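In: sequence first, then the predicted structure:
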Amino acid sequence: MFGAGLLGIVGGILGSFAFLRRQSLLGDALAHAALPGVCIAFVLAGSKSPFAFLIGAMVAGIMGSMLILAVVRYTKVKEDSAIGIVLSVFFGVGIMLLTMIQRLPGGNQSGLDRYLFGQAASLVADDIKIMSILATAVLGIVFICFKEFKMISFDRAFGASLGYPVRRLEILLTALLVVVVVIGLQTVGVVLMVATLITPAAAARQWTDNLSKMVLLSGTIGGFSGAAGAIISASAEKLPTGPVIVIFSSCILAISLLFAPARGIFWAYLRERSVKNRILRENLLRDFHLVGERLSFADYVPSPELAGLRGRGSRGLDREAQRLTSSGLLEKSGDSYRLTANGVAAAQEVVRKHRLWEVFLSKRLELPLDHLHRDADSMEHVLSAEAVNELDERLGFPTHDPHGRPIPRFAPRRA
């Protein structure tokens, strides 16, 4: 549990920078690149030496990361293609070596297959000590270089213009990712390592726009997922730890994608629905105002007549009219409606926005008359009262729109 939680913390923190730099697959490539290093370390050491495996994985991971950076820098190959090349080549070599080792005497007992899918239960006290030392070193470097890592994550060119060693900082950040990958291989394995790095960061990004908060939240989500996954795995028979950790963090990601206040799909749907309903109500108020200008605001307007103005079914209009009636903006008589005093004021506000914007489009942008209505029909719903008053003042307080219709004058002018 401690090992999985520790991996989740450092993985979530380092994964935040990889996520923001759009290098989500870099951790996957480094994890796959580490496999041949583990195999070669076993052959050279002749036994299962955790320290030898660690060194081998780290050397292979660093070689893979340097190869990616070199390909991107000295060739015309894009970064995503370079990552794919290194991932496939190194992983192919690792699988080949793993197959060869399995055929050696005692190869079946090498335990190298745990590095493919992870085996957290094989962690012992010495492994935890090594993980703790490496994790402490990684977190210390991140704390010291946090400002620089932030800079290269958001504006690399700006950092270079200030004289920062951007290339060295990128190499350092990649090297730290290699260390995190090496820490996590035995726990979640090569295949699932990328989820440990990216999933907590993606979940944290949904809740905040502040990098410091995102890094802390990502580490918290990763640590909690690791510890919870280990506990769940230990409480059930034959339930692998690595996949459980990934599934648990993925559930947190799904909740974040759905219910995060600023970016959650659920709240975005409610906001979109609210805006849509407001636009429908404002359009209906403007239609009532147009009829009232032509006839009288005291007359009731039948639903079919409104349906003809808006080009919508009477059922939908009745539903919106009922809401306006509940709000005290309309009053009903049979299947007809008319504006109340408050409804007239609200309708005038919408019409004023529409006609002032038509004046702006006609005078300032010199659009033809047949192009004014459509653009004004969109803008009337987003203009604030302050923007409308300023627009009115800049236009010289016009009394009529380009079509000769009067502009309502109920709102106070700005001094």
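Out: Nice, thanks for sending it over.
In: any chance you could map the strands in the stretch 251-400 of the chain?
Out: Counting by DSSP state E, counting those that start in this stretch, one finds strands in the stretch 251-400 of the chain at the ranges 301-302, 330-333, 336-339.
In: quick one: strands adjacent to the first one?
Out: Read it as strand 301-302. Sheet pairing for strand 301-302, assigned by DSSP bridges, gives strand 336-339 (antiparallel).
In: and the next element down the chain from the one helix or strand in the chain whose mean pLDDT sits lowest?
Out: When each helix and strand of the chain is scored by mean pLDDT, DSSP states H and E, helix 114-117 comes last, with a mean of 64. Downstream of helix 114-117, the first helix or strand assigned by DSSP states H and E is helix 125-144.
In: buried residues in that following helix?
Out: Neighbour counts using 16 or more other CB atoms under 10 Å place D127, M131, L134, A135, V138, L139, I141, V142 of helix 125-144 among the buried residues. Heads up, the C-betas are built off the backbone N, CA and C, glycines and all.
In: try stretch 230-242
Out: By neighbour count on 16+ other CB under 10 Å, the buried set for stretch 230-242 is A230, S233, P240, T241, G242.
In: endpoint to endpoint, it covers what distance?
Out: 8 Å (CA to CA, to the nearest Å).
In: burial count for the closest residue to R323 other than its chain neighbours?
Out: Distance criterion CB to CB, 6 or more residues apart in numbering; nearest residue to R323, sequence neighbours excluded, is R281 at 6.6 Å. Look at R281: counted by other CB atoms under 10 Å, it has 18 neighbours.
In: can you tell me how far R281 is from I40?
Out: Applying CB to CB, to the nearest Å, the value for R281 to I40 is 70 Å.
In: swap in A57?
Out: 10 Å.
In: can you check L169 too?
Out: For L169 relative to I40 (CB to CB), the value is 30 Å.
In: how far off helix 125-144 does the longest helix belonging to the chain point, in degrees?
Out: Determined from DSSP state H, the single longest helix within the chain is helix 166-205. With axes from the mean of the first three to the mean of the last three CA atoms, to 10 degrees applied, the angle from helix 166-205 to helix 125-144 works out at 100 degrees.
In: which parts of the protein belong to which domain?
Out: Split into domains by automatic domain parsing, the chain comes to 2-263, 267-339.
In: first-to-last residue distance for the first one?
Out: Looking at domain 2-263, the gap from its leading to its trailing residue is 32 Å under the measure CA to CA.
In: picking that back up, pLDDT (mean, whole number) over the longest helix of the chain?
Out: Regarding helix 166-205, the rounded mean pLDDT is 83.
In: gap between it and the chain center?
Out: Between the centre of helix 166-205 and the centre of its chain there are 19 Å (CA atoms, centre = their mean, to the nearest Å).
In: in the helix or strand just after it, what counts as buried?
Out: Note on helix 166-205: by DSSP H and E, the next helix or strand toward the C-terminus is helix 211-235. Buried positions in helix 211-235, judged by neighbour count with 16+ other CB under 10 Å: 211, 214-230, 233.
In: for helix 211-235, name the packing helices and strands.
Out: Under the contact criterion of 3 or more CB pairs under 8 Å, 6 or more residues apart in numbering; DSSP states H and E, helix 211-235 touches helix 2-20, helix 146-154, helix 166-205, helix 241-259.
In: now these as a markdown table including distance to Y74?
Out: Listed next are the helices and strands packed on helix 211-235 as a markdown table, based on distance: least, CB to CB, whole Å:
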| stretch | distance to Y74 |
| --- | --- |
| helix 2-20 | 22 |
| helix 146-154 | 20 |
| helix 166-205 | 13 |
| helix 241-259 | 35 |
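In: please identify the most buried of the ones you listed.
Out: With neighbours defined as mean count of other CB atoms under 10 Å, these peak in mean count at helix 2-20, which reaches a mean of 26.
In: which helices and strands does that one pack with?
Out: With contacts taken as 3+ CB pairs under 8 Å, 6+ apart, helix 2-20 sits against helix 24-45, helix 125-144, helix 146-154, helix 166-205, helix 211-235, helix 241-259.
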